[in-house]
Every structure is written in C-alpha cells, then in structure tokens.
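Visitor: return a 3D structure for these sequence lines:
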Amino acid sequence: MHEDLQKTIKDTIQLEGVGLHNGEKVNLFLKPGEVNSGIKFKRTDVDSVKNIIEASYKNVSSTILCTKIQNSYGVSVSTIEHLMAAFYGEGIDNVLVEVDAPELPIMDGSAFDFVEAIRSVGNEKQNCPKKFIKVLKKVEVKDRSKHISIEPLSKDLIIDFEVVYKNPLIRTRRKEFKLSNGDLTSIYNSRTFCLYEDIDQIKSQGLAKGGSLENAIVVKENKILNEDGLRHRDEFVDHKILDCLGDLMLLGHRVFGHIKTSQGGHHLTNILLREFLSNKSNWEFDNFEKKEKNRKGSMYPSPIAVNG
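Guide: Residues are numbered from 1 along each chain as shown. Below is the predicted model of the structure:
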C-alpha cells in the first residue's frame, strides 16, 4: 500500500437527509478534489462569489453542540464533524463538499452512512505525497475540571478520551483509540447522544429541531429511550472519539500524536489546535516519502465491514 500518497474519492457521491439542529432537508454532493485542495465546502444556495468555506480550525466560528465553520463573507456550514471523521479514518485528503443548506445532514447520528458511501465509490491515489503534522512537544489546555493535551508519538494517532457524567447510566467511561489498530467500526457507527432533561433547554436555543430517536441516543436517568438501545457498550465514549477525530481533520493534515482528554468536546479541541499550531516549535511537517520509502503497512486501516 502507498498510503504516503494523497487520496480523493473516485466518483461523485450524493446523499440527502435533515439537519440535526435546523431540521431542514439537505442535499449533499461529495466530489473528487484536486491534489492539495484539501476539504472544501461549497454552499450551492449562496452567491458563487462567497460560497466556498475551507475546512480549517481557523474558520471554526461556533462549537455549540456541533462544529461550525465560516468564511470571511459570513457564510457558514455546521455539523461537519461526522463527515470530517469519515474522511480522516478513510485517509481521504481532497474533496469538494457541495451542500444546499447551512447544515450537513445528520443521517443516523453517526458517520456510518458517510463511510459506506465513500467505500462504495472507492478512493483514488493522487501523485503527490501526504504531509503529516508531527508533534514535537506537549501542549495542554485546561478549563476547570476539563482538559485536553497533545504530545509526541511516532507515526500514529492515539486518542485517550474520558467522559464524565452525573447520569447513572453513562457515569465515567474511558477508552484509548489507536488509529493503526485498524478497526474503526465502533467509532464510525457510534451515534450522538443527549440527556432527556437537557432537551427543553437545547430546543430553547433553537437547536435540535431535526433531532429524533432515529438520529440520536436519548438517555433518561438509567434508561435508553431508543427501542434498540445502544449499538455497543462503549457507544457514548466512542462517539466523543468520533467527534474528536473529525475536529482533528480541520488541521488540514493528519497528525502523529497522542491526544489525552477528560470531558473534552468541540470547544476544547479547537482551542488546543489553535494553541498547538500557534507556535512553530510545537510541531513540524513530516511525510513517509523522505523517511520511509521502503515502508510496508500503513497507519490507516484496511476497509472492513461497517455494521449499523
């Protein structure tokens, strides 16, 4: 395998659904991207001069219950994290994402449909090496009891995530995810979740208009309200890892590093990325072309079945 080369999707992908927060119907087209173009979003319902939004941590304008990016014209797109996680896990570098609404479709609340669609068309290697961001020294961000850090790690990504809830069913759960281990199934198909007692407050903010038991897990005290329950025991913490993976994709390059976080989320991750990249002594570019020309294997998993 030559995972040192950039990749795009082989053909256009069309998906549709509803936005989790605005409840609007959304049409989504994923189109192959040129070498070094990265991930770009195009709002087809907006004037063509102003409708391109680069998927960058610098463009994050809100992290309230999702990740939202915005360009210099004030044009935005939100709830991008699950699609971005699918791109990260599948090793996709360059895609033009066309969307006719200000929010991506939530699908089933996970990255499952995005991953299946990407795998159904396949990927295409491009004649240009990937660049990776290599962590040179530890950077940490704290917010009271919440914290997140990134530290050096050779040729891999590890996310060590701890969730802490007062809810008796969720409580404290921790998991270490290693990208090179190869099986992302439980990460990809883990759905977003909320507490039943928070729903009124969320909706009072004009959010979750498209939310339902079809696209989110709802927890009431020690009970899952979804008829089929959890897909797997670690679905809560696995979904947080999925979100983190998607937010890391906003670096524009994949990272060799060890992420450790407790009670982290979109906001804390974005603060970390800004702090981390603000000082060039924290990082450097790396690629396999210059150091591992005879390398075998990959930090990316081979495609496996994704079970819903």
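
Visitor: tell me which residues are up against stretch 155-170.
Guide: 145, 171-180, 195, 219, 221-224, 236-237, 240-241, 244-245, 248, 254-264, 299 (Cβ atoms under 8 Å, 6 or more residues apart in numbering). (C-beta placed from N, C-alpha, C; glycine too.)

Visitor: now do stretch 201-215
Guide: With contact meaning Cβ under 8 Å, 6+ apart, stretch 201-215 is reached by 18-24, 64-65, 106-109, 191-192, 194, 199, 216, 225-227.

Visitor: what comes up buried for that stretch?
Guide: Ile202, Leu207, Ala208, Gly210, Gly211, Asn215 (16 or more other Cβ atoms under 10 Å).

Visitor: what strand or helix carries the most centrally placed residue in the chain?
Guide: Nearest to the mean C-alpha position of the chain, by Cα atoms, centre = their mean, lies Gly246 at 1.4 Å. Assigned by DSSP states H and E, Gly246 falls within helix 235-248.

Visitor: past that helix, which element shows up next along the chain?
Guide: Remark: after helix 235-248, the chain's next helix or strand is strand 254-262, criterion DSSP H and E.

Visitor: tell me the spacing between Ser72 and Ile133.
Guide: From Ser72 over to Ile133 the distance is 24 Å, taken as Cβ to Cβ, to the nearest Å.

Visitor: the more surrounded of those two?
Guide: Ile133 (21 against 8; other Cβ atoms under 10 Å).

Visitor: for that one, give the beta-bridge partners.
Guide: Judged by DSSP bridges, the bridge partners of Ile133 are Val255, Phe285.

Visitor: ok, now which ones touch the nearest residue to Gln263 once chain neighbours are set aside?
Guide: Excluding the flanking residues, the one nearest Gln263 by Cβ to Cβ, 6 or more residues apart in numbering is Lys146, at 4.1 Å. By Cβ under 8 Å, 6+ apart, the contact set of Lys146 is Thr261, Ser262, Gln263, Gly264, Gly265, Leu268.

Visitor: the third one and Ser145 touch, don't they?
Guide: Yes. A contact is recorded between Gln263 and Ser145 when judged using Cβ atoms under 8 Å, the distance being 6.4 Å.

Visitor: more crowded one of these two?
Guide: Taking other Cβ under 10 Å, Gln263 and Ser145 do not tie; Gln263 has more neighbours (18 against 8).

Visitor: distance check, that one against Ile170.
Guide: With Cβ to Cβ as the criterion, Gln263 and Ile170 are 12 Å apart.

Visitor: what's the answer for Ile92, then?
Guide: Distance of Ile92 to Ile170, computed by Cβ to Cβ: 32 Å.

Visitor: these two: who's more crowded?
Guide: Counted by other Cβ under 10 Å, Ile92 and Ile170 do not tie: Ile92 has more neighbours, with 22 against 17.

Visitor: re the thing from before, out of the contacts of stretch 201-215, which are inside helices?
Guide: Ile199 (DSSP state H).

Visitor: any quick PyMOL command for the buried ones out of the contacts of stretch 201-215?
Guide: Those of these that count as buried under 16+ other Cβ under 10 Å are selected in PyMOL with:
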select buried, resi 18+19+20+21+22+65+106+107+108+109+191+192+199+216+226
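
Visitor: just the mean pLDDT for stretch 64-73, thanks.
Guide: Averaging the model's pLDDT scores along stretch 64-73 yields 97.

Visitor: I meant stretch 141-148, not that one.
Guide: 96.

Visitor: do the same with stretch 42-54
Guide: The predicted model assigns stretch 42-54 a mean pLDDT of 94.

Visitor: counting contacts, what elements does the helix or strand encompassing Phe87 pack onto?
Guide: Using DSSP H and E, Phe87 maps to helix 81-89. Counting contacts by 3 or more Cβ pairs under 8 Å, 6 or more residues apart in numbering; DSSP states H and E, helix 81-89 is packed against helix 112-121, helix 185-188, helix 235-248.

Visitor: what do you get if the cut-off is 6 Å, keeping everything else the same?
Guide: When contacts are defined as 3 or more Cβ pairs under 6 Å, 6 or more residues apart in numbering; DSSP states H and E, helix 81-89 packs onto helix 112-121, helix 235-248.

Visitor: any chance of the ones you listed in TSV, plus mean pLDDT?
Guide: Shown next, in TSV, are these (pLDDT from 0 to 100):
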stretch	mean pLDDT
helix 112-121	98
helix 235-248	98
